[in-house]
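Participant: Requesting a structural model of the entry that follows:
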Amino acid sequence: MHTARTIASGGRVGAARAVAPGCRLSGATHVSALAGAATLAPFAVPKILFLDLVKALTAAGIGAIHIPAKIEGMAFGQDVVLNGSVKHTLFIANDNDFLAAVLDKNNATVDNPNQYFVFAFDDGDLPGFVPQKFTGERDDEDR
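Facilitator: As a prediction, the model looks like this:
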């Protein structure tokens, strides 16, 4: 089963948002020859929520006001072993637009660092997940 992962974010510092919805692509229809929202709407695949970033980070003790508004990077990482169990990893990063500080919703200047968050999950959290395998061989001409 194939699943596409996307990031839904937006707003400003402290804005509520959910991250990492995806779409199950099994049973999807090839639509490259179709055009227009009305024509494409019947073929839309439903979204599934994999991770609510604000909920996860606030549960870990990070205040919502300190969660970056521009979450723009997401990648699956190597599996790790935690307490004897194999876990998959998901790395998430923000984009601070090279701005070391920004105004928050109260017009106070706050630090705006680049941040990286790593989440561990089980097979049951994302059914059908298959980690991508890399051979280590390069296929480009920049050797």
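Participant: could you pull out the strands for this structure?
Facilitator: Using DSSP state E, the strands of the chain run over 3-5, 19-24, 47-51, 71-82, 85-94, 101-103, 109-111, 116-121.
Participant: give the contact list for residue 76.
Facilitator: 88, 89, 90, 91, 131, 132 (C-beta atoms under 8 Å, 6 or more residues apart in numbering). C-betas here are computed from N, CA, C, even on glycine.
Participant: Apologies, that question was intended for residue 94.
Facilitator: Counting by C-beta under 8 Å, 6+ apart, residue 94 makes contact with 68, 69, 70, 71, 72, 73, 114, 115.
Participant: Any buried residues in the top helix by length along the chain, and which?
Facilitator: Looking across the chain with DSSP state H, the single longest helix is helix 53-59. Buried residues in helix 53-59, defined by neighbour count with 16 or more other C-beta atoms under 10 Å: 53, 54, 56, 57.
Participant: for stretch 76-88, same thing?
Facilitator: Those would be 87, 88, for stretch 76-88 by 16+ other C-beta under 10 Å.
Participant: now swap in stretch 46-54 and tell me
Facilitator: Neighbour counts over stretch 46-54 (16+ other C-beta under 10 Å) mark 50, 51, 52, 53, 54 as buried.
Participant: what do you get for stretch 123-138?
Facilitator: 126, 129.
Participant: And residue 127, how far from residue 60?
Facilitator: 24 Å (C-beta to C-beta, to the nearest Å).
Participant: again with residue 98
Facilitator: For residue 98, the distance to residue 60 - C-beta to C-beta - is 27 Å.
Participant: and if you look at residue 126?
Facilitator: Residue 126 sits 19 Å away from residue 60, going by C-beta to C-beta.
Participant: how about the nearest residue to residue 34, chain neighbours excluded?
Facilitator: Distance criterion C-beta to C-beta, 6 or more residues apart in numbering; nearest residue to residue 34, sequence neighbours excluded, is residue 40 at 5.6 Å.
Participant: neighbours of that neighbour, just the number please.
Facilitator: Residue 40: 12 surrounding residues under other C-beta atoms under 10 Å.
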